[in-house]
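Participant: could you look at this predicted model? Sequence included:
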Amino acid sequence: MIAIQILEVRDFMNKFLLSEMFDHFLLQEAVIASDVVWSLDGRLQDGFFSQEEISEQGLSGFTFLPFGNIRTRCFDLIKGRRAPSFFKFVLLLSPDNLKRTLTKLHSTFSAGDISGMFLNLKFQNGQLVVTSGVSCRIFSMDKSLEHEWDSLIRQFFKKHQITFLEV
């Protein structure tokens, strides 16, 4: 797990909310505190989409909605003259991206061993901190996957010119 302080919050938020940069992540949950507190559960609701819609939208096998499907709604809750006093977003890799990542890293873990590979964004007191994390379904002393995930997050941020400081 690493904690990264985002140095240029406005630039990051533009990339987060106005570009497709994070659209391939799933939204597990979000909390946005402005004039009221908005709490979003990213879990797909049974029966809302037909099987045909699930297939058409590429949601088969998903428990959570892709961030790209709700990004503009989140933007609408955050935009305005005044920044929210607080927000938190919990993002995770989709099942396909989890499998691809494990394969790319030549990990000894299987997709069934992993509950999720997460990115947690927290804005509070004018600071934005992103933490990474891996949740396993099995007990293991092997932390290589966590270290590799941290490295991938650093690379992802550098590739997208996000300035940060590890804290």
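Facilitator: Received it, and whenever you're ready, just let me know what you need.
Participant: what does the longest helix anywhere in the chain contact?
Facilitator: Residue-count comparison of every helix in the chain, with assignments taken from DSSP state H, identifies helix 144-159 as the longest. Contacts made with helix 144-159 from outside it, assessed by C-beta atoms under 8 Å, 6 or more residues apart in numbering, are listed as 1-2, 4, 101-102, 105, 107-109, 114, 117, 119, 130, 132-134, 164. The way it works is simple: take the backbone N, C-alpha and C, and place the C-beta from them, glycine included.
Participant: one more time with 6 Å
Facilitator: 2, 105, 107, 109, 117, 132, 134, 164 (C-beta atoms under 6 Å, 6 or more residues apart in numbering).
Participant: from residue 142, how far out is the residue nearest to the first one when sequence neighbours are not counted?
Facilitator: The spatial neighbour of residue 2 that comes closest, neighbours along the chain excluded (C-beta to C-beta, 6 or more residues apart in numbering), is residue 150 at 4.5 Å. As defined by C-beta to C-beta, to the nearest Å, residue 150 lies at a distance of 14 Å from residue 142.
Participant: and if you look at residue 61?
Facilitator: Residue 61 sits 26 Å away from residue 142, taking C-beta to C-beta as the criterion.
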